[in-house]
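Q: Generate a structure from the sequence data that follows.
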Amino acid sequence: MSEPDTVYCYPPHFTVRNRFGTREQDELDAAERAFVAQRWREAAPVGTFDLAHLRALHRHLFQDVYEWAGELRTVEISKEGHQFQFRRYIENGMADVHRRLVARDFLKGLDAAHLAGEGDFMKRPGMVALLSYLDASRMSVSS
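A: Next up is the predicted model:
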């Protein structure tokens with residue numbers, strides 16, 4: 001299990017460190033939603049959904065909120081007793097996700113059931129679950 005993260009979080013409640021200095025989760029959530037919604041309306045970085053592209057997307061969306069947006073995390077993390085992917089394996093894990101996306105033509109043409117995680121492709125392990133487990137940029141701790 002990981003030690004409490006004081007690199008990316010403010011103790012004692014461990015709200016994620018942010019550009020506003022807020023330690024109140026509700027305030028941070030509201031600010032994040034507002035800034036990400038604005039960035040969402042802008043042109044996003046183009047790419048092939050490999051790790052470099054996903055990092056660029058993360059940077060684009062969260063740059064106003066987190067200084068470290070788009071960077072790979074530098075600490076081991078856990079949440080509610082569940083360990084996330086060890087950071088030394090993030091690149092390999094993301095490469096696996098990318099291979100699976102390429103093999104499925106970037107999920108083009110999948111029906112709602114597959115995209116919602118009910119289809120076979122999203123299981124074994126589920127793509128959303130796998131991306132969350134990898135948590136390359138340190139976003140899972142804030143909920």
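
Q: OK, contacts around residue 91?
A: By Cβ atoms under 8 Å, 6 or more residues apart in numbering, the residues touching residue 91 are 51, 72. Just so you know, the C-beta spots here come from the backbone N, C-alpha and C atoms, and that holds for glycine as well.

Q: Sticking with residue 76, tell me its helix or strand.
A: Here residue 76, judged by DSSP states H and E, is contained in no helix and no strand.

Q: What are the neighbouring residues in contact with it?
A: Contact analysis of residue 76 by Cβ under 8 Å, 6+ apart lists 2, 83-84, 86-87.

Q: What's the per-residue pLDDT of it here?
A: Note on residue 76: pLDDT of 87.

Q: just the one 10 residues further on next, same as before
A: Here, the pLDDT recorded for residue 86 equals 88.

Q: quick one: residue 60 from residue 13, how far?
A: 28 Å (Cβ to Cβ, to the nearest Å).

Q: Among the contacts of residue 76, find me the one that's closest to residue 46.
A: For those, the residue nearest residue 46 by Cβ to Cβ is residue 87; the value is 27.0 Å.
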